[in-house]
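Student: Show me the folded form of this:
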Amino acid sequence: MVWFTNGLTMRPMDSLNIRAKAAQGTALLLAFITGNIADHSWPVGAKLPTERELERRFGISRNTLRKGLKALEAQGRIRREVGRGSFVAGPSAATEGVAPEDLAGRIKGASPTEVMEVRLMLEPLAAELAATRATTADLAQMEECLLQAALATRLPDFERWDGRLHLTIVGAAKNGLLIDLYGAINEVRNQAEWAKLKARSVTPERRQTYERQHRDIVAALKDRDGEQAKAILRQHLLMVRSNLLGGE
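Tutor: Sure, this is the predicted structure:
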């Protein structure tokens, strides 16, 4: 089979490659935007880069870009204003019910021990769900987090991409209540006490182990192996808890 476009011969494989490139560009675009929103690099009300900038950065067409932005708008992550651009949406637009920020305020006094206990309850089950529910875009986000964490030369940068990976895994479970609960817990992890614990506990050797575990988790998710993803993530969190809290 051969197709003709504008006088040029286009084979089916060429079309497949074009679609694959567009899908990859869209996945990276979504990872870029949702990641910056999740870790508060872009606060509520922040203006996104222009469509022209995003097109150039991710190598996608205007039509493909707008489809991606429309999906984010439907999720309540951004709002688009004709003639002005796109902006980070407030929590009331992103969720129905209790906003993660409000919930985080109520559990602000939670201790690191309590937070790790709840993470151990929630995250392995989220990974099991994500194994069957993660989209191509979710998996691309996870791969980007792995890459950026590996490239990070400073611990705060590594921690930022570490946190973004865990947020992406939970988000891939596609359960709004679970996402809200984890979002609140993640807010608590951003407190100064956590930064001090991390600075003391994350040695170069431990970081290498965490990165290996992260890669294994993502590999299990890509294989759609929920049991394996759940088991590795639980093992990872047990190690993190031991390193942070001295085996509490």
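Student: What's the separation between the residue nearest the centre of the chain and Pro204?
Tutor: For the chain, the residue nearest the mean C-alpha position is Thr168 (2.9 Å; C-alpha atoms, centre = their mean). From Thr168 across to Pro204, the span is 24 Å (C-beta to C-beta, to the nearest Å). Any C-beta I mention is one placed from the backbone N, CA and C, and that applies to glycine too.
Student: Quick check: pLDDT value at the residue lying closest to the residue nearest to the centre of the chain once chain neighbours are set aside.
Tutor: Distances taken as C-beta to C-beta, 6 or more residues apart in numbering put Gln141 closest to Thr168, at 4.7 Å, once the chain neighbours are dropped. Note on Gln141: pLDDT of 91.
Student: ok, and what's touching the helix or strand encompassing Gln141?
Tutor: Following DSSP states H and E, one finds Gln141 within helix 136-151. If you take C-beta atoms under 8 Å, 6 or more residues apart in numbering as the criterion, helix 136-151 is touched by 23-24, 26-28, 30-32, 34-35, 130, 134, 157-158, 161-162, 164-165, 168-169, 171-172, 211, 214-215, 218, 221-222.
Student: residues of the helix or strand following it that come out buried?
Tutor: Counting by DSSP H and E, the next helix or strand C-terminal to helix 136-151 is helix 155-171. Residues of helix 155-171 classed as buried: 158-171 (neighbour count, 16 or more other C-beta atoms under 10 Å).
Student: Ok, stretch 40-51 next?
Tutor: Trp42, Leu48.
Student: CA atoms only for it - export them in CSV, please.
Tutor: These are the backbone C-alpha positions of stretch 40-51, laid out as CSV (Å, rounded to 0.1, in the frame of the first residue of the first chain):
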residue,chain,number,x,y,z
HIS,A,40,4.9,23.7,42.3
SER,A,41,7.6,25.0,39.9
TRP,A,42,4.6,26.7,38.4
PRO,A,43,2.2,27.9,41.1
VAL,A,44,-1.5,28.4,40.6
GLY,A,45,-2.1,31.3,38.1
ALA,A,46,1.3,30.9,36.5
LYS,A,47,1.3,31.4,32.7
LEU,A,48,2.5,28.5,30.6
PRO,A,49,5.0,29.1,27.8
THR,A,50,3.4,30.2,24.5
GLU,A,51,2.1,27.7,22.0
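Student: how far out from the middle of the chain is it?
Tutor: 16 Å (C-alpha atoms, centre = their mean, to the nearest Å).
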